[in-house]
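A.B. asks: give me a model of this one.
(one chain, ligands or ions: 2)
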Amino acid sequence: MKTVYTCFCTDIIHEGHLNIIHEARKYGEVTVGVLSDEARIRFNRFPAVGFEERFRLAQNLDGVKEVIIQKDIMYDKVIGELHPDYVVHGDNWKEGPMKAIRDNVEVLLSAYGGKIIDVPYTYNENVRRADARVKEKLSMPEYRRKRLRQLIKICPIVKTLEVHSGLTGLIAEKTIVENQGELDQFDAMWVSSLCDSTAKGKPDIELVDMTSRFRTIDDVMEVTTKPVIFDGDTGGLAEHFVYTVRSLERMGVSAVIIEDKVGLKRNSLFGTEASQTQDSIEHFCEKIQMGKRAQLTDDFMIVARIESLILEQGMDDALLRARAYVGAGADGIMIHSRKRDPSEIFEFCDRFRREYDSVPLVVVPTSFGQVTEKKLESHGVNIVIYANQLTRSAFPAMEQTARDILKYHRAQEVEERLMPIKEILTLIDEL
Ligand code: SPV
Ligand code: MG
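C.D. replies: Numbers count the residues shown, from 1 in each chain. Ligands and ions are numbered 1, 2, ... in the order given. Below is the predicted model of the structure:
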(Lines give C-alpha, C1' and ligand atoms only; values in the text may rest on other atoms or scores of the structure.)
(Ligands and ions follow the chains in the order given, each with its own letter.)
Protein backbone atom coordinates (compact mmCIF):
# COMPACT_ATOMS: atom_id res chain seq x y z
CA MET A 1 0.00 0.00 0.00
CA LYS A 2 1.39 3.41 -1.00
CA THR A 3 1.30 6.28 1.51
CA VAL A 4 -0.08 9.78 1.04
CA TYR A 5 0.44 12.88 3.16
CA THR A 6 -1.57 16.08 3.18
CA CYS A 7 -1.29 19.05 5.55
CA PHE A 8 -4.38 20.95 6.73
CA CYS A 9 -4.18 24.58 7.69
CA THR A 10 -7.85 25.35 8.25
CA ASP A 11 -10.45 26.02 10.95
CA ILE A 12 -13.34 24.46 9.06
CA ILE A 13 -13.76 21.48 6.81
CA HIS A 14 -15.48 22.41 3.57
CA GLU A 15 -16.00 20.63 0.28
CA GLY A 16 -12.49 21.60 -0.86
CA HIS A 17 -10.91 19.60 1.97
CA LEU A 18 -13.22 16.65 1.38
CA ASN A 19 -12.14 16.72 -2.23
CA ILE A 20 -8.46 16.67 -1.20
CA ILE A 21 -9.08 13.56 0.92
CA HIS A 22 -11.10 11.98 -1.87
CA GLU A 23 -8.24 12.53 -4.34
CA ALA A 24 -5.59 11.48 -1.83
CA ARG A 25 -7.30 8.14 -1.18
CA LYS A 26 -6.93 7.23 -4.83
CA TYR A 27 -3.15 7.05 -4.29
CA GLY A 28 -2.93 5.16 -0.99
CA GLU A 29 -3.31 5.36 2.77
CA VAL A 30 -3.83 8.93 3.90
CA THR A 31 -2.12 10.70 6.78
CA VAL A 32 -3.29 14.23 7.57
CA GLY A 33 -0.97 16.71 9.27
CA VAL A 34 -2.54 19.54 11.26
CA LEU A 35 -0.31 22.60 11.22
CA SER A 36 0.59 23.94 14.68
CA ASP A 37 -0.53 27.43 15.72
CA GLU A 38 3.09 28.63 15.88
CA ALA A 39 3.82 27.61 12.29
CA ARG A 40 0.48 28.63 10.89
CA ILE A 41 0.53 32.26 12.04
CA ARG A 42 3.66 32.95 10.05
CA PHE A 43 1.75 32.91 6.75
CA ASN A 44 -1.93 32.33 7.43
CA ARG A 45 -4.69 33.85 9.55
CA PHE A 46 -4.66 33.35 13.30
CA PRO A 47 -6.58 30.13 14.03
CA ALA A 48 -10.26 30.80 14.78
CA VAL A 49 -10.47 27.48 16.64
CA GLY A 50 -7.93 25.88 18.96
CA PHE A 51 -5.41 23.25 17.89
CA GLU A 52 -7.16 20.37 19.70
CA GLU A 53 -10.43 21.11 17.94
CA ARG A 54 -8.70 21.33 14.57
CA PHE A 55 -7.01 18.01 15.31
CA ARG A 56 -10.39 16.43 16.12
CA LEU A 57 -11.89 17.84 12.92
CA ALA A 58 -9.24 16.01 10.94
CA GLN A 59 -9.68 12.80 12.96
CA ASN A 60 -13.38 12.79 12.16
CA LEU A 61 -12.78 12.77 8.42
CA ASP A 62 -13.67 9.55 6.63
CA GLY A 63 -10.83 7.81 4.87
CA VAL A 64 -8.01 9.15 7.03
CA LYS A 65 -5.69 6.56 8.53
CA GLU A 66 -3.78 8.81 10.88
CA VAL A 67 -3.64 12.43 12.02
CA ILE A 68 -0.40 14.00 13.19
CA ILE A 69 0.81 17.46 14.18
CA GLN A 70 3.02 19.29 11.68
CA LYS A 71 5.11 21.71 13.70
CA ASP A 72 6.98 23.54 10.94
CA ILE A 73 5.82 25.33 7.80
CA MET A 74 8.42 23.50 5.76
CA TYR A 75 8.06 19.73 5.39
CA ASP A 76 11.63 18.55 6.14
CA LYS A 77 10.82 16.88 9.44
CA VAL A 78 7.46 15.42 8.48
CA ILE A 79 8.69 14.00 5.17
CA GLY A 80 11.86 12.74 6.88
CA GLU A 81 9.72 10.78 9.32
CA LEU A 82 6.87 9.59 7.09
CA HIS A 83 8.60 9.16 3.75
CA PRO A 84 5.25 9.40 1.92
CA ASP A 85 4.99 8.27 -1.69
CA TYR A 86 2.75 11.25 -2.41
CA VAL A 87 2.05 14.68 -0.98
CA VAL A 88 -1.35 16.03 -1.96
CA HIS A 89 -2.19 19.75 -1.79
CA GLY A 90 -4.55 22.28 -3.38
CA ASP A 91 -2.92 23.84 -6.44
CA ASN A 92 -3.17 27.31 -4.86
CA TRP A 93 0.35 26.72 -3.51
CA LYS A 94 1.80 26.94 -7.00
CA GLU A 95 1.81 30.74 -6.81
CA GLY A 96 2.45 33.46 -4.25
CA PRO A 97 4.37 33.04 -0.99
CA MET A 98 3.17 29.42 -0.56
CA LYS A 99 5.17 28.44 -3.64
CA ALA A 100 8.19 28.31 -1.32
CA ILE A 101 6.49 25.47 0.56
CA ARG A 102 5.78 23.56 -2.64
CA ASP A 103 9.41 24.03 -3.77
CA ASN A 104 10.56 22.64 -0.42
CA VAL A 105 8.32 19.57 -0.78
CA GLU A 106 9.43 19.01 -4.35
CA VAL A 107 13.11 18.90 -3.37
CA LEU A 108 12.42 16.58 -0.43
CA LEU A 109 10.30 14.14 -2.46
CA SER A 110 12.61 14.06 -5.45
CA ALA A 111 15.38 12.70 -3.21
CA TYR A 112 13.60 9.33 -3.10
CA GLY A 113 11.17 9.43 -6.02
CA GLY A 114 8.08 10.72 -4.19
CA LYS A 115 5.53 12.82 -6.06
CA ILE A 116 3.39 15.92 -5.54
CA ILE A 117 -0.27 15.73 -6.53
CA ASP A 118 -1.72 19.22 -7.09
CA VAL A 119 -5.49 19.07 -6.72
CA PRO A 120 -7.44 21.92 -8.37
CA TYR A 121 -8.30 24.37 -5.58
CA THR A 122 -12.02 24.41 -4.83
CA TYR A 123 -13.25 27.99 -4.79
CA ASN A 124 -16.97 28.56 -5.11
CA GLU A 125 -19.66 30.60 -3.40
CA ASN A 126 -19.98 28.15 -0.46
CA VAL A 127 -16.25 28.10 0.19
CA ARG A 128 -16.00 31.86 -0.18
CA ARG A 129 -18.82 32.38 2.31
CA ALA A 130 -17.40 29.91 4.83
CA ASP A 131 -14.01 31.59 4.59
CA ALA A 132 -15.52 35.06 5.01
CA ARG A 133 -17.36 33.94 8.15
CA VAL A 134 -14.13 32.78 9.76
CA LYS A 135 -12.50 36.09 8.88
CA GLU A 136 -15.43 38.04 10.34
CA LYS A 137 -15.20 36.04 13.54
CA LEU A 138 -11.52 36.90 13.92
CA SER A 139 -12.31 40.60 13.65
CA MET A 140 -15.00 40.56 16.35
CA PRO A 141 -13.97 42.41 19.55
CA GLU A 142 -14.17 39.36 21.84
CA TYR A 143 -11.82 37.36 19.61
CA ARG A 144 -9.50 40.14 18.53
CA ARG A 145 -9.01 41.69 21.98
CA LYS A 146 -7.44 38.60 23.58
CA ARG A 147 -5.22 37.82 20.63
CA LEU A 148 -2.26 39.93 21.75
CA ARG A 149 -1.95 37.91 24.95
CA GLN A 150 -2.22 34.71 22.90
CA LEU A 151 0.49 35.91 20.51
CA ILE A 152 2.86 36.87 23.33
CA LYS A 153 2.61 33.25 24.48
CA ILE A 154 3.25 31.63 21.11
CA CYS A 155 5.54 34.06 19.24
CA PRO A 156 9.25 34.40 19.97
CA ILE A 157 8.57 38.13 19.39
CA VAL A 158 5.32 39.87 18.35
CA LYS A 159 6.09 41.89 15.21
CA THR A 160 3.98 45.04 15.14
CA LEU A 161 3.59 47.53 12.31
CA GLU A 162 2.33 51.11 12.45
CA VAL A 163 -1.07 51.75 10.85
CA HIS A 164 -3.08 54.95 10.56
CA SER A 165 -5.81 54.18 7.97
CA GLY A 166 -7.74 51.36 6.36
CA LEU A 167 -5.11 51.19 3.63
CA THR A 168 -2.11 50.91 5.96
CA GLY A 169 -4.18 48.41 7.98
CA LEU A 170 -4.50 46.29 4.85
CA ILE A 171 -0.75 46.39 4.35
CA ALA A 172 -0.16 45.17 7.91
CA GLU A 173 -2.88 42.54 7.50
CA LYS A 174 -1.94 41.10 4.14
CA THR A 175 1.79 41.49 3.57
CA ILE A 176 3.46 38.09 3.56
CA VAL A 177 7.02 37.57 2.37
CA GLU A 178 9.05 34.60 1.41
CA ASN A 179 12.75 34.96 2.06
CA GLN A 180 15.32 32.18 1.85
CA GLY A 181 12.70 29.51 2.29
CA GLU A 182 10.96 31.20 5.23
CA LEU A 183 7.52 32.79 5.27
CA ASP A 184 6.67 35.70 7.51
CA GLN A 185 4.04 38.32 8.25
CA PHE A 186 3.27 40.94 10.91
CA ASP A 187 1.41 39.84 14.04
CA ALA A 188 -0.13 43.08 15.31
CA MET A 189 -0.77 46.74 14.51
CA TRP A 190 0.31 49.94 16.29
CA VAL A 191 -1.92 52.98 16.09
CA SER A 192 0.87 55.50 16.55
CA SER A 193 0.09 58.99 17.85
CA LEU A 194 2.88 60.37 15.69
CA CYS A 195 1.62 58.83 12.45
CA ASP A 196 -2.07 59.28 13.19
CA SER A 197 -1.38 62.99 13.86
CA THR A 198 0.94 63.33 10.86
CA ALA A 199 -1.67 61.78 8.54
CA LYS A 200 -4.01 64.53 9.70
CA GLY A 201 -1.33 67.20 9.20
CA LYS A 202 -1.17 67.85 12.94
CA PRO A 203 1.72 67.85 15.44
CA ASP A 204 2.14 64.92 17.84
CA ILE A 205 1.10 66.84 20.97
CA GLU A 206 -2.15 65.10 21.97
CA LEU A 207 -3.94 67.61 19.77
CA VAL A 208 -5.84 65.02 17.74
CA ASP A 209 -8.69 64.25 20.10
CA MET A 210 -9.76 60.77 21.23
CA THR A 211 -12.86 60.79 19.05
CA SER A 212 -10.67 61.16 15.93
CA ARG A 213 -8.16 58.61 17.21
CA PHE A 214 -11.02 56.13 17.76
CA ARG A 215 -12.24 56.85 14.24
CA THR A 216 -8.80 55.82 12.95
CA ILE A 217 -8.97 52.61 14.97
CA ASP A 218 -12.39 51.89 13.54
CA ASP A 219 -11.17 52.46 9.95
CA VAL A 220 -8.34 50.00 10.58
CA MET A 221 -10.52 47.44 12.34
CA GLU A 222 -13.16 47.42 9.67
CA VAL A 223 -10.76 45.88 7.15
CA THR A 224 -8.42 43.79 9.32
CA THR A 225 -8.35 40.95 11.85
CA LYS A 226 -4.99 41.45 13.58
CA PRO A 227 -4.78 42.80 17.13
CA VAL A 228 -4.40 46.53 17.77
CA ILE A 229 -2.03 48.21 20.22
CA PHE A 230 -3.08 51.81 20.81
CA ASP A 231 -0.62 54.60 21.49
CA GLY A 232 -2.47 56.38 24.28
CA ASP A 233 0.12 59.18 24.67
CA THR A 234 0.07 60.23 28.36
CA GLY A 235 -3.41 58.79 28.86
CA GLY A 236 -4.50 62.36 29.71
CA LEU A 237 -6.16 63.00 33.03
CA ALA A 238 -6.62 59.79 35.01
CA GLU A 239 -10.31 60.69 35.27
CA HIS A 240 -10.46 60.69 31.45
CA PHE A 241 -8.19 57.68 30.99
CA VAL A 242 -10.74 55.36 32.63
CA TYR A 243 -13.21 56.22 29.86
CA THR A 244 -10.54 55.63 27.22
CA VAL A 245 -9.86 52.18 28.66
CA ARG A 246 -13.56 51.27 28.53
CA SER A 247 -13.93 52.50 24.94
CA LEU A 248 -10.82 50.73 23.68
CA GLU A 249 -11.85 47.51 25.35
CA ARG A 250 -15.33 47.71 23.87
CA MET A 251 -13.88 48.25 20.38
CA GLY A 252 -11.71 45.16 20.71
CA VAL A 253 -8.35 46.90 21.07
CA SER A 254 -5.86 44.60 22.83
CA ALA A 255 -3.61 47.06 24.62
CA VAL A 256 -3.02 50.70 25.36
CA ILE A 257 0.45 52.03 26.00
CA ILE A 258 0.66 55.19 28.10
CA GLU A 259 3.82 57.18 28.75
CA ASP A 260 4.87 58.70 32.06
CA LYS A 261 4.81 62.35 31.03
CA VAL A 262 2.63 65.30 32.04
CA GLY A 263 1.81 68.68 30.60
CA LEU A 264 2.31 69.42 26.91
CA LYS A 265 3.43 66.09 25.46
CA ARG A 266 6.09 66.27 22.76
CA ASN A 267 7.25 63.33 20.68
CA SER A 268 9.88 61.29 22.54
CA LEU A 269 12.30 61.43 19.64
CA PHE A 270 12.84 65.15 20.43
CA GLY A 271 14.29 63.90 23.73
CA THR A 272 15.57 66.80 25.83
CA GLU A 273 15.55 69.18 22.82
CA ALA A 274 11.90 69.92 23.57
CA SER A 275 10.80 70.75 27.07
CA GLN A 276 8.91 67.78 28.46
CA THR A 277 8.08 66.82 32.01
CA GLN A 278 8.11 63.30 33.40
CA ASP A 279 5.24 62.38 35.66
CA SER A 280 5.87 61.52 39.31
CA ILE A 281 5.95 57.80 40.07
CA GLU A 282 3.03 58.13 42.51
CA HIS A 283 0.81 60.01 40.10
CA PHE A 284 1.48 57.70 37.16
CA CYS A 285 0.91 54.63 39.33
CA GLU A 286 -2.45 56.06 40.31
CA LYS A 287 -3.36 56.45 36.63
CA ILE A 288 -2.41 52.82 35.97
CA GLN A 289 -4.42 51.64 38.97
CA MET A 290 -7.49 53.62 37.94
CA GLY A 291 -7.21 52.23 34.39
CA LYS A 292 -6.92 48.67 35.69
CA ARG A 293 -9.94 49.15 37.93
CA ALA A 294 -11.99 50.44 34.98
CA GLN A 295 -11.08 47.44 32.81
CA LEU A 296 -13.83 44.85 32.47
CA THR A 297 -12.19 41.90 30.72
CA ASP A 298 -9.04 39.92 31.52
CA ASP A 299 -7.91 40.27 27.91
CA PHE A 300 -7.06 43.96 27.74
CA MET A 301 -3.57 45.19 28.63
CA ILE A 302 -2.35 48.49 30.02
CA VAL A 303 1.33 48.89 29.24
CA ALA A 304 3.39 51.51 31.06
CA ARG A 305 5.94 53.35 28.95
CA ILE A 306 9.00 54.66 30.73
CA GLU A 307 10.56 57.88 29.45
CA SER A 308 13.53 58.01 31.84
CA LEU A 309 16.12 57.19 29.18
CA ILE A 310 14.54 59.62 26.69
CA LEU A 311 14.66 62.38 29.33
CA GLU A 312 18.17 61.36 30.50
CA GLN A 313 17.13 60.46 34.02
CA GLY A 314 19.31 57.36 34.14
CA MET A 315 18.97 53.60 34.23
CA ASP A 316 18.26 53.36 37.94
CA ASP A 317 15.31 55.73 37.60
CA ALA A 318 13.98 53.65 34.68
CA LEU A 319 14.20 50.46 36.73
CA LEU A 320 12.73 52.08 39.83
CA ARG A 321 9.76 53.17 37.75
CA ALA A 322 9.42 49.75 36.10
CA ARG A 323 9.10 48.11 39.53
CA ALA A 324 6.56 50.70 40.67
CA TYR A 325 4.46 50.46 37.51
CA VAL A 326 4.38 46.65 37.57
CA GLY A 327 3.45 46.90 41.24
CA ALA A 328 0.60 49.25 40.31
CA GLY A 329 -0.79 46.61 37.96
CA ALA A 330 0.75 47.43 34.56
CA ASP A 331 0.46 44.42 32.24
CA GLY A 332 3.72 45.22 30.50
CA ILE A 333 6.55 47.73 30.26
CA MET A 334 7.67 49.68 27.23
CA ILE A 335 11.17 51.10 27.47
CA HIS A 336 12.09 53.81 24.99
CA SER A 337 15.38 55.32 23.88
CA ARG A 338 16.47 57.72 21.17
CA LYS A 339 20.14 56.69 21.16
CA ARG A 340 21.58 55.10 18.05
CA ASP A 341 23.45 52.68 20.27
CA PRO A 342 21.02 50.12 21.71
CA SER A 343 23.20 49.24 24.71
CA GLU A 344 21.04 51.17 27.22
CA ILE A 345 17.94 49.35 25.95
CA PHE A 346 19.72 46.00 26.30
CA GLU A 347 20.93 46.87 29.79
CA PHE A 348 17.41 47.82 30.88
CA CYS A 349 15.91 44.66 29.41
CA ASP A 350 18.54 42.39 30.95
CA ARG A 351 18.18 43.93 34.39
CA PHE A 352 14.38 43.95 34.17
CA ARG A 353 14.32 40.30 33.11
CA ARG A 354 16.44 39.31 36.10
CA GLU A 355 13.62 40.55 38.33
CA TYR A 356 10.56 39.77 36.21
CA ASP A 357 10.72 36.69 34.03
CA SER A 358 7.34 36.99 32.37
CA VAL A 359 6.09 40.62 32.41
CA PRO A 360 5.92 41.57 28.71
CA LEU A 361 8.55 44.00 27.44
CA VAL A 362 7.95 46.31 24.48
CA VAL A 363 10.63 48.07 22.43
CA VAL A 364 10.39 50.59 19.56
CA PRO A 365 13.64 50.45 17.57
CA THR A 366 13.32 53.67 15.56
CA SER A 367 16.69 55.24 16.28
CA PHE A 368 18.50 51.91 16.63
CA GLY A 369 17.00 50.23 13.58
CA GLN A 370 20.10 48.10 13.02
CA VAL A 371 18.99 45.80 15.84
CA THR A 372 17.44 42.55 14.66
CA GLU A 373 14.36 40.90 16.10
CA LYS A 374 16.53 37.94 17.15
CA LYS A 375 18.78 40.24 19.16
CA LEU A 376 15.79 41.88 20.89
CA GLU A 377 14.40 38.42 21.63
CA SER A 378 17.68 37.40 23.21
CA HIS A 379 17.31 40.33 25.66
CA GLY A 380 13.81 39.21 26.62
CA VAL A 381 11.77 41.61 24.45
CA ASN A 382 8.25 40.31 23.67
CA ILE A 383 6.89 42.98 21.34
CA VAL A 384 8.76 44.98 18.71
CA ILE A 385 6.98 47.98 17.23
CA TYR A 386 7.97 49.42 13.85
CA ALA A 387 6.34 52.68 14.81
CA ASN A 388 6.60 55.03 11.83
CA GLN A 389 8.34 53.41 8.86
CA LEU A 390 5.20 53.16 6.68
CA THR A 391 4.50 56.88 7.03
CA ARG A 392 8.13 57.80 6.47
CA SER A 393 8.28 55.73 3.29
CA ALA A 394 4.97 56.99 1.87
CA PHE A 395 5.62 60.69 2.40
CA PRO A 396 8.78 61.04 0.28
CA ALA A 397 7.25 58.87 -2.47
CA MET A 398 4.14 61.07 -2.65
CA GLU A 399 6.13 64.27 -2.44
CA GLN A 400 8.43 63.21 -5.29
CA THR A 401 5.40 62.39 -7.45
CA ALA A 402 3.89 65.82 -6.75
CA ARG A 403 7.21 67.50 -7.61
CA ASP A 404 7.63 65.61 -10.86
CA ILE A 405 4.10 66.36 -12.09
CA LEU A 406 4.76 70.06 -11.42
CA LYS A 407 8.10 69.85 -13.14
CA TYR A 408 7.01 68.07 -16.31
CA HIS A 409 3.49 69.51 -16.54
CA ARG A 410 2.16 66.02 -17.13
CA ALA A 411 2.02 62.63 -15.38
CA GLN A 412 3.88 60.39 -17.79
CA GLU A 413 7.26 60.71 -16.06
CA VAL A 414 5.88 59.36 -12.79
CA GLU A 415 3.77 56.61 -14.30
CA GLU A 416 6.33 53.85 -14.28
CA ARG A 417 6.80 53.92 -10.50
CA LEU A 418 3.05 53.91 -9.81
CA MET A 419 0.83 51.01 -8.94
CA PRO A 420 -1.13 49.98 -12.05
CA ILE A 421 -4.76 51.16 -12.04
CA LYS A 422 -5.94 47.57 -12.36
CA GLU A 423 -4.09 46.64 -9.19
CA ILE A 424 -5.48 49.52 -7.16
CA LEU A 425 -8.97 48.65 -8.33
CA THR A 426 -8.59 45.11 -7.04
CA LEU A 427 -6.55 45.94 -3.95
CA ILE A 428 -9.62 46.16 -1.78
CA ASP A 429 -11.75 43.07 -1.30
CA GLU A 430 -15.45 43.53 -1.93
CA LEU A 431 -18.03 41.74 0.16
C1 SPV B 1 4.53 56.96 18.23
O2 SPV B 1 4.69 56.19 17.27
O3 SPV B 1 3.72 57.87 18.22
C4 SPV B 1 5.33 56.78 19.44
C5 SPV B 1 6.67 56.20 19.35
O6 SPV B 1 4.86 57.18 20.48
S7 SPV B 1 7.78 57.53 19.23
O8 SPV B 1 7.40 58.33 18.08
O9 SPV B 1 9.11 56.99 19.09
O10 SPV B 1 7.67 58.31 20.46
MG1 MG C 1 3.25 58.47 20.30
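A.B. asks: next to ligand 1, which bits of the stretch 301-431 of the chain? Give me the list.
C.D. replies: For the stretch 301-431 of the chain, the residues in contact with ligand 1 (C-beta under 6 Å from any ligand atom) are 364, 366, 387-388. The C-beta positions use only the backbone N, C-alpha and C, and glycine is treated the same way.
A.B. asks: so which of the residues you listed is the closest to ligand 2?
C.D. replies: Closest approach between those and ligand 2, by C-beta to the ion: Ala387, at 7.5 Å.
A.B. asks: residue contacts, that closest one?
C.D. replies: 162, 190, 192, 194-195, 364, 366 (C-beta atoms under 8 Å, 6 or more residues apart in numbering).
A.B. asks: up against ligand 2, what does the stretch 101-250 of the chain have?
C.D. replies: Counting by C-beta under 5 Å from the ion, the stretch 101-250 of the chain comes close to ligand 2 at 193-194, 231.
A.B. asks: just to revisit the earlier point, okay, the residues of the stretch 301-431 of the chain next to ligand 1 in TSV with pLDDT and secondary structure next?
C.D. replies: Output for those, formatted as TSV (pLDDT from 0 to 100; DSSP: H, G, I helix; E, B strand; the rest coil):
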residue	pLDDT	secondary structure
Val364	98	coil
Thr366	97	coil
Ala387	98	coil
Asn388	98	coil
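A.B. asks: residues near the nearest residue to Glu312 once chain neighbours are set aside, how many?
C.D. replies: Excluding the flanking residues, the one nearest Glu312 by C-beta to C-beta, 6 or more residues apart in numbering is Thr272, at 5.8 Å. Here the count is done by other C-beta atoms under 10 Å, and Thr272 has 10 residues near it.
A.B. asks: same check on Thr160?
C.D. replies: Thr160: 25 neighbours (other C-beta under 10 Å).
A.B. asks: tell me what it is bridged to.
C.D. replies: Thr160 has these beta-bridge partners by DSSP bridges: Ala188, Ile385.
A.B. asks: quick one on the thing from earlier: how far away is the residue nearest to Glu312 from Leu309?
C.D. replies: Using C-beta to C-beta, to the nearest Å, we find Thr272 at a distance of 11 Å from Leu309.
A.B. asks: cool, and Leu406?
C.D. replies: Counting by C-beta to C-beta, the gap from Leu406 to Leu309 is 43 Å.
A.B. asks: same question for Thr211.
C.D. replies: Look at Thr211 and Leu309: by C-beta to C-beta, they are 32 Å apart.
A.B. asks: which single residue in the chain comes nearest to ligand 2?
C.D. replies: Ser193 (3.3 Å).
A.B. asks: identify the residue nearest that residue in space, chain neighbours excluded?
C.D. replies: Nearest non-adjacent residue to Ser193 (C-beta to C-beta, 6+ apart): Asp231, at 4.4 Å.
A.B. asks: the one you found pairs with what?
C.D. replies: Applying DSSP bridges, one finds that Asp231 bridges with Ile257.
A.B. asks: same thing with Thr31?
C.D. replies: Residues in beta-bridge contact with Thr31 (DSSP bridges): Tyr5, Glu66.
A.B. asks: who are the contact partners of it?
C.D. replies: Counting by C-beta under 8 Å, 6+ apart, Thr31 touches 3-6, 64-68, 82, 84.
A.B. asks: ok, now with 10 Å
C.D. replies: Counting by C-beta atoms under 10 Å, 6 or more residues apart in numbering, Thr31 makes contact with 3-7, 24, 58, 64-68, 78, 82, 84.
A.B. asks: narrow the residues you listed to those that are buried.
C.D. replies: With neighbours counted by 16 or more other C-beta atoms under 10 Å, the contacts of Thr31 contain buried members at 3-7, 24, 58, 64, 67-68, 78, 82, 84.
A.B. asks: could you provide these in CSV, with additional columns for distance to ligand 2 and pLDDT?
C.D. replies: As requested, these are arranged in CSV below (distance: C-beta to the ion, whole Å; pLDDT from 0 to 100):
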residue, distance to ligand 2, pLDDT
Thr3, 55, 98
Val4, 53, 98
Tyr5, 48, 98
Thr6, 46, 98
Cys7, 41, 98
Ala24, 52, 98
Ala58, 45, 97
Val64, 51, 97
Val67, 47, 98
Ile68, 46, 98
Val78, 44, 98
Leu82, 50, 98
Pro84, 51, 98
